[in-house]
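Enquirer: I'd like to go over a predicted model; first the sequence, then the structure.
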Amino acid sequence: MSLRQSSRDLGLGVRFAFAGGREGWMRAVLTALGVGLGVALLLLSTALPNAISVRHDREQARLDWSFTEEPPTAADNTVVIANTDTTFRGKDVRGRLVEPEGPRAPLPPGLSAYPAKGEMLVSPALKRLLASDGAKLLRERIPYRITGTIGESGLIGSQELAYYAGGEGLFAHEAGSNVSRLTAFGNPNPTPEAPDPVLALLNIVVIVMLLMPVAVFVAAAVRFGGERRDRRLAALRLVGADGRMTRRIAAGEAMAGALLGLVLGAGFFLVGRQVAGSVEVMGISVWPSYLNPSPLLAALVAVAVPAAAVLVTLFALRSVVIEPLGVVRSAKPTRRRLWWRLVLPVAGLAMLYPMLGQGRSNGSFNEYLVTGGVMLLLIGITALLPWLVERCVARLGSGGVAWQLAVRRLQLSSGTAARMVNGIAVAVAGAIALQMLFAGVDGQYTKSTAQDLSRAQMQVTVPADAPMAATVEKFTDTKGVRKVTAVWESYLGDASWNSENGPQLAAELTVGDCAALREVAKLPSCKDGDRFVLDGSEYSVDGPKMNVPGKMLYIESPTSGPASAPEKEATWTVPAGITQVRSIEDPTGSRRGGFLMTPAALPKDFEGMVRGELYLSIDQSVPDAFEYARNTAAAVNPLADPTAWTASTTSDKFESLRTGLLVGAICVLLLIGASLLVAQLEQLRERRKLLSSLVAFGTRRRTLGLSVLWQTAIPITLGLLLAMAVGLTLGAILLKMTDTPVGIDWSSVLSMTGAGAAVVLVVTLLSLPPLMRLMRPDGLRTE
Amino acid sequence: MSIGHTLLGLLESGPRHGYDLKRAFDEKFGHDRPLHYGQVYSTMSRLLKNGLVEVDGIEAGDGPERKRYAITDAGITDVERWLATPEKPEPYLQSTLYTKVVLALLTHRDAADVLDTQRAEHLRSMRILTDRKRSGDLADQLICDHALFHLEADLRWLELATARLDKLKAAMTA
Amino acid sequence: MNAPGGSLLVAENLRKAYGPTMALDGAAFSIHPGEVVAVMGPSGSGKSTLLHCLAGIVTPDSGSITYDGRELATMNDAQRSQLRRSEFGFVFQFGQLVPELTCVENVALPLRLNGTPRKQAERTALGWMERLEVDDLAKKRPGEVSGGQGQRVAVARSLVTSPRVVFADEPTGALDSLNGERVMELLTEAARSASTAVVLVTHEARVAAYSDREIVVRDGKSRDMERVV
């Protein structure tokens, strides 16, 4: 009987949810909307690890490095591939020149045939970019004819810019690691993603941090319109329902909203997935197909969300006695006690404590302890905040009328107020902790470069076969280039580079005009035809040792190596009287060694054997100055590698995590802002009559608007303070766990709290127009 | 109102002179219309004849009547019976006001004016009663309230009649 | 007696439509200082709309309302709010007390809106609560007092600024007759002693009997009962 009775009550609740007139229906939709947004975010979060690993797999599958010890020789199953990556207005373009050497040449993923010389296959995003108006410079840089597109399997994101262009004679170009000969694409032994324990820790924390506020939000959404629901339940008691039945009916109502929310959430997720496929956030895009949540996690969401909705409802009804003649809230709610509220965060700390000082070298962190600890700490906020709000608000003194109205209301229902800001507090605390963790770990993932931005802003590496003077002239003539410092480099050895053991002594050879040489060494005097030997190199002291008049030195040629035929072995005999000079930091920030030669001193044989390093000083006031320089580089040689300098470079992996966090935090804050707005409007609607009568006796609209602002601002301020405390604690613990010195990045703390505060301000602003409408005297007319 | 029963009831608390009786009556019940002494005299002689009161004594001195009356057992029984018998509710089926309204309608005069004039008159008396209630004691208030509720009922009827005047007119002239 | 001369608040030929329904259709009204005027009429007759127009809460579509020689139509919203704050008081049927504030804070609210310091405002408020015999409820919240008590608190609030006109819209509508009469007695007594005029909207004749004069509103038209005879 009881089972049938229960299900009948639940069913009644479901009916009430949808058939309870316009009000009940709206409530169900609001709940569903909240739950739906939460579910969508949950599904996206569960799909995220999958997306990351799919991206990683695609990346691994198209790797075009030679993984064999011995580079293969040309055959009918080889392809020569050259890396011509470029950057266009801050966006990376993956470029490859390909030259199949036989009919059985391997095809990279996403290609069904190789492009002929002068033709290229492009990614859909690059095709769009090239077709757009502003891309003239890029079209000049990659002037190949588009004959097709790269399939999805060859790209790691829907918005990735990539092309494969047909090339010719690429291997002869050989310029270091930029050209390889392959028999197959991809890593034959693909590595699983990120075994780095700290990165794994970051992943866990990011996901927990995104999910917690969503959970808080879902909990809040289920409570939308609770007071009206309670009144309806009271009416049911009047016609004979007992206390347990009303509870079951309430549970049924909550479940109805949650189930509808589940459907909406799936819909939102599918739409979001499609949208996610068409946007790019900070250089990262995905294909919709990447975002497939694992079935187990999806099933868990489908079961957990309605269950949580019902549990929250029952929990909220705990302190409410529904009597036939109305709702009795435990009139003076028992003062909130502190001790059990402290248990949660303390337990969280206890779970994290054993891992303090573990660092990255002691294996991976225990996922369960990390997840549990972080969750408990964050949930601790939701437990502590009501207590904190109650205590603080009780102590708030008098002020203006607006302040008094707000404070009194908060005093009477501090729980509601705290619930409204719980989500934001949790989100901000999580974000602060993560920001701190990132800033701390920053040092380990961001390599500060020694590049001296005051001397040059771009470096172009030019392959050795480029004519020296003409190349420099091309760059000097380029729009936006202020100054070109060109040094040409190779290595000199004391024995043939093709011999069995290679040279015993080796030193750099640097060629350039006097101005350029002065960038790398302190020269007492210099004129064309001079030679110098360097002292004070960081890496090699061989230079002065090789400065023995009469000694024959061999230059390293681009194709030299033990296996190469000594087609052309150029040598140089050290003359007497070479001045020794001290090296200074070159524009890249390193001190070089070996010999310096002015162009006139360069032996004729050496021409075409030195690779150029051109340091460009760019006039950044010229729009697209970098793009012009890049175009010149591409015109000089498609394999020329221009790099714009920055003060530091960041590990890609780290960058993507931080990006994920930022996007997530913004989404969560927006979501919570939306729920705040809904709750706020509902509250205002319920006070319509009161608001109208207050306006009737002359209350200024400004006063009421201000009181609404205070009413949100006070709990938000407390929430943000608590969030800062918990966030900083959590951040410090996480840093200790990764064995990183604890430092507080106040700017990011402030920016996160500022974002939280901004959400409140926006919500208040958005609720003002409806407030003004509600304050119109029409409110007095109803009833 | 039965004056006989009322005077009998007043005697229950103890023997009184006719003059005292009149004063007590006026004080408690006779707000609008004080009793004439003749009324007291004739009522008392009727009660005396029916054996409901007896003469307790006659005082010497001036004045028109010096008889002191006391209630008999039969008198007490009579009062009891009177109190226990419910009053017949007045049906007010023959209302002068209704007659006036119908006549006004039949003679094509403004019936609404008739009703409003009455309404103003009712309101005026209600206002006076309310005023008196303010300064009076509890007994006064109860009496005034009784009248006020009746007047209010009349007023409601006036309101209703006003609202239905058009329908009534149509019915009358049809 | 109804000559506009000497009147505090005079309205003439008011028209106000809410959508297709005419709430007021040529209504007139006038009140002298210290006078208690009842506005009667069946529900939906437009009496509340008349009160809202008179109090400057609602702007009529046409017609004129003059308060103390000033035409309400020429005032902007802020000026009308200011007028309501300082010269008018209000009592409604229910739902007018701020549930979070204590009773004394509720009574003090209009004073505080006018900028009176809190202590002083609450002292004045307590004085009025004494007169209305609800001073023992000062520290209670509206949810903890009975309907009649709450209404008396509301009356105290309407009088606390010593307004020249109190607008009472069915002030006894939610009360039984005994409580209702007590509220009316206290309201009219307090108003008379402070020579505050009261515009009393009611559909109950017994409540209207506390007035000096009645106006009946029917279908948006007003009728002064004094001029009937």
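Expert: Cool, the structure landed.
Enquirer: for chain C, what lies in contact range of chain A?
Expert: Proximity of chain C to chain A (Cβ under 8 Å from any Cβ of the partner chain) is limited to residues C:18, C:48-49, C:52, C:55, C:57-58, C:78, C:81-86, C:88-90, C:92, C:95-96, C:98-101, C:105, C:109-110, C:112-113, C:118, C:141, C:157-158, C:169. C-betas here are computed from N, CA, C, even on glycine.
Enquirer: please pick the buried ones from these.
Expert: With burial judged by 16 or more other Cβ atoms under 10 Å in any protein chain shown, the buried subset of the residues of chain C next to chain A is C:48-49, C:52, C:55, C:57-58, C:81-85, C:88-90, C:92, C:95-96, C:98, C:100-101, C:105, C:109-110, C:112-113, C:118, C:141, C:157-158, C:169.
Enquirer: so which of these are in helices?
Expert: Counting by DSSP state H, the part of these found in helices is C:48-49, C:52, C:81-85, C:105, C:109-110, C:112-113, C:118, C:157-158.
Enquirer: using the three-state scheme, assign the residue minimising distance to the centre of chain C.
Expert: In chain C, the residue lying closest to the centroid (Cα atoms, centre = their mean) is residue C:167, at 1.0 Å. When classified by DSSP: H, G, I helix; E, B strand; the rest coil, residue C:167 comes out as strand.
Enquirer: list just the nearest of the ones in helices among the buried ones among the residues of chain C next to chain A to chain B.
Expert: Chain B has its nearest neighbour among these in residue C:48, at 17.2 Å by Cβ to the nearest Cβ.
Enquirer: and the closest one, how far from residue B:76?
Expert: Using Cβ to Cβ, to the nearest Å, residue C:48 is found at 57 Å from residue B:76.
Enquirer: which other helices and strands does whatever helix or strand residue B:83 lives in contact?
Expert: Assigned by DSSP states H and E, residue B:83 belongs to helix B:73-84. Packed against helix B:73-84 by the contact rule (3 or more Cβ pairs under 8 Å, 6 or more residues apart in numbering or on different chains; DSSP states H and E) you find helix B:3-11.
Enquirer: so which residues make contact with the helix it packs on?
Expert: By Cβ atoms under 8 Å, 6 or more residues apart in numbering or on different chains, the list of residues contacting helix B:3-11 from outside reads B:16, B:21, B:24-25, B:29, B:35, B:39-40, B:43-44, B:46-47, B:52-53, B:69-71, B:75, B:78-79, B:82.
Enquirer: could you rerun that using 10 Å?
Expert: Here helix B:3-11 makes contact (Cβ atoms under 10 Å, 6 or more residues apart in numbering or on different chains) with B:2, B:16, B:18, B:20-22, B:24-25, B:28-30, B:35, B:39-40, B:42-44, B:46-47, B:50, B:52-53, B:56, B:69-72, B:75-76, B:78-83.
Enquirer: which residues in chain C form strands?
Expert: Applying DSSP state E to chain C gives strands spanning C:9-18, C:21-31, C:36-40, C:62-67, C:70-71, C:88-91, C:165-169, C:197-201, C:213-218, C:221-224.
Enquirer: does chain B have contacts with the longest one?
Expert: Read that as strand C:21-31. No. In terms of Cβ under 10 Å from any Cβ of the partner chain, no part of strand C:21-31 sits within range of chain B; the closest distance is 15.8 Å.
Enquirer: partner strands of that strand, parallel or antiparallel?
Expert: strand C:9-18 (antiparallel) (DSSP bridges).
Enquirer: okay, buried residues for the partner strand please.
Expert: Quick answer for strand C:9-18 (16+ other Cβ under 10 Å): C:9, C:10, C:11, C:14, C:15, C:16.
Enquirer: pick out the most distant pair among the residues you listed.
Expert: Within those, two members stand farthest from each other by Cβ to Cβ: C:9 and C:15, at 17.8 Å.
Enquirer: so the residue nearest to the centre of chain C touches residue C:200, yeah?
Expert: Yes. Contact between residue C:167 and residue C:200 holds when scored by Cβ atoms under 10 Å: they sit 8.4 Å apart.
Enquirer: any shared contact partners between those two?
Expert: C:39, C:51, C:91.
Enquirer: all strands of chain B, in order?
Expert: Using DSSP E, strands in chain B cover B:16-17, B:53-58, B:67-71.
Enquirer: so who does the residue nearest to the centre of chain C touch?
Expert: Residues in contact with residue C:167 (Cβ under 10 Å, 6+ apart) are A:696-697, C:9, C:39, C:51-52, C:54-57, C:84, C:88-92, C:158, C:197-201.
Enquirer: go with 6 Å
Expert: Residues in contact with residue C:167 (Cβ atoms under 6 Å, 6 or more residues apart in numbering or on different chains) are C:51, C:55, C:90, C:199.
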